[in-house]
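Participant: Give me a 3D structure for the following:
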Amino acid sequence: MPDPSPLLIGFIILVALLFDFTNGFHDSANAISTVVSTKVLAPGQAVAFAAFFNFVAAFGFGVAVASTISKILTLERIPAEIIPFIVLSALAGAISWNLITWYFGLPTSSSHALIGGLAGAGIAAGGIAAIKIATIEVVVLFMVLSPLIGCACGFLFMVLVLRASAETHRSVAEGHFRRLQIFSAASYSFSHGTNDAQKTMGIITPLLFSLGYFGAGVDPSHLPVPFWVILLAHAAIAAGTLAGGWRIVRTMGYNITRLRPAHGFAAETAGAATIIGASLAGIPVSTTHVISSSILGVGLTKGAGSVRWSVARSIVIAWILTIPISALIGFVAFSLLRFVL
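Facilitator: Predicted structure coming up:
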């Protein structure tokens, strides 16, 4: 493959930011579905509100998740000149899966799509040795654990909410929870930006480092993230959120279970707590999985019959397929690039 030119590097960074945009576009439902479905905020207000907190998350909890993403590839074992093509192929896999699942209204994980794309492209470039299995194992482990944690937190928090408001007249309680949901939605949007924007940072940073644009003498396993990369990643995800993803809002806010403000408050609070905890630990969880399972947990307090299990089943199947299919697309994309170039 030819040595990448600065123009190509700039193009790849733009594609990475496009992925971040589609992440916000695809995952805007995570942040706004509950406040829209409970009519606490109008759709236009909700997307602007979520986008604002997506951006200010740039000044939140550091870049531990970006550090984890940057460790998926074994940089020391891959020639520097092919890393841009691996990144481009990974982005092709992630963006393709985002658009496919957006079209069908399925709330899948942009994060797992990116990780799958990186793994597939990395294997196409250098075999299994090109990726760090330990990092992939952590991702897969929390692919299973984070929805379970989100569901349990949603259920338990909703139980606490019901007990705390048991003696309050329903209309009065609804008024309180409508106001509280503003704060829970802000917390969730902030947590969404904190975790998801870092995934794009985690691929731009090793790309620039591998080609010598910064970080001379730095340990590849502890790469610093340039501040301009942080700002661009958060701006892109906020812009995507502003664009909205109404197909998925319908699934998240209406089709899993019917929500009232108390349910929305409980789901958002449980989801935000789960994601912020993961961000502090540097674990790239799926914000989509967490909020979907939190909504499911909240719905279970009304009885299993209140949950539309056929919708939940379709979502879970899409979750399972995300990493394998995006990895396959990433693998094929790199193989085609290698053949053409």
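
Participant: the helices in this protein, which residues?
Facilitator: Under the criterion DSSP state H, the chain contains helices at 6-37, 43-56, 64-69, 83-103, 110-126, 133-164, 170-210, 227-243, 246-250, 261-280, 287-300, 309-340.

Participant: If I average pLDDT within each of those, which one is lowest?
Facilitator: The minimum mean pLDDT among the helices of the chain belongs to helix 246-250 (a mean of 55).

Participant: For Glu76, find the nearest of the helices of the chain.
Facilitator: helix 170-210 (9.9 Å; Cβ to Cβ). Using the backbone N, CA and C atoms, a C-beta is placed for each residue, glycine as well.

Participant: helices or strands next to that closest one in the packing?
Facilitator: Contacts defined by 3 or more Cβ pairs under 8 Å, 6 or more residues apart in numbering; DSSP states H and E place helix 170-210 against helix 6-37, helix 43-56, helix 64-69, helix 83-103, helix 110-126, helix 227-243, helix 261-280, helix 287-300.

Participant: right, so of these, which gets closest to Arg179?
Facilitator: When those are ranked by distance to Arg179, counting by Cβ to Cβ, first place goes to helix 261-280 at 8.7 Å.

Participant: List the buried residues in that closest one.
Facilitator: 261-276, 278-279 (16 or more other Cβ atoms under 10 Å).

Participant: Distance-wise, check the residue nearest to Ala262 when sequence neighbours are not counted relative to Phe265.
Facilitator: Among residues not flanking Ala262 along the chain, Phe177 sits closest, at 4.4 Å (Cβ to Cβ, 6 or more residues apart in numbering). Distance, Phe177 to Phe265, by Cβ to Cβ, to the nearest Å: 5 Å.

Participant: Can you work out which residues contact both of those two?
Facilitator: Val161 (Cβ atoms under 8 Å, 6 or more residues apart in numbering).

Participant: okay, now the residue nearest to Ala262: neighbour count?
Facilitator: By other Cβ atoms under 10 Å, 21 other residues sit near Phe177.

Participant: does it really touch Pro261, like I thought?
Facilitator: Yes - using Cβ atoms under 8 Å, Phe177 is in contact with Pro261, at 3.9 Å.

Participant: residues contacting the residue nearest to Ala262?
Facilitator: Taking Cβ under 8 Å, 6+ apart as the test, what Phe177 contacts is Val161, Ser165, Arg260, Pro261, Ala262, Gly264, Phe265.

Participant: Go through the residues you listed and say which is closest to Ile83.
Facilitator: For the contacts of Phe177, the nearest to Ile83 is Gly264 (42.7 Å; Cβ to Cβ).

Participant: wait, doesn't that closest one sit right on Leu41?
Facilitator: No - contact criterion Cβ under 8 Å: Gly264 and Leu41 do not qualify, at 10.3 Å.

Participant: ok, the residue of the chain positioned farthest from its centre to Thr269 distance?
Facilitator: Going by Cα atoms, centre = their mean, the residue of the chain most distant from its centre is Glu167, 38.2 Å out. According to Cβ to Cβ, Glu167 and Thr269 sit 21 Å apart.

Participant: again with Ser335
Facilitator: To Thr269, Ser335 is 45 Å away according to Cβ to Cβ.

Participant: Quick check: the gap between Val40 and Thr301.
Facilitator: When distance is defined by Cβ to Cβ, Val40 is 19 Å away from Thr301.

Participant: what does Ser111 give?
Facilitator: From Ser111 over to Thr301 the distance is 28 Å, taken as Cβ to Cβ.

Participant: and the two? which has more neighbours close in?
Facilitator: Taking Ser111 and Thr301 together and counting by other Cβ under 10 Å, Ser111 has the greater number of neighbours (27 against 19).

Participant: before we move on, the earlier item: out of the contacts of Phe177, which comes closest to Ala238?
Facilitator: Gly264 (21.6 Å).
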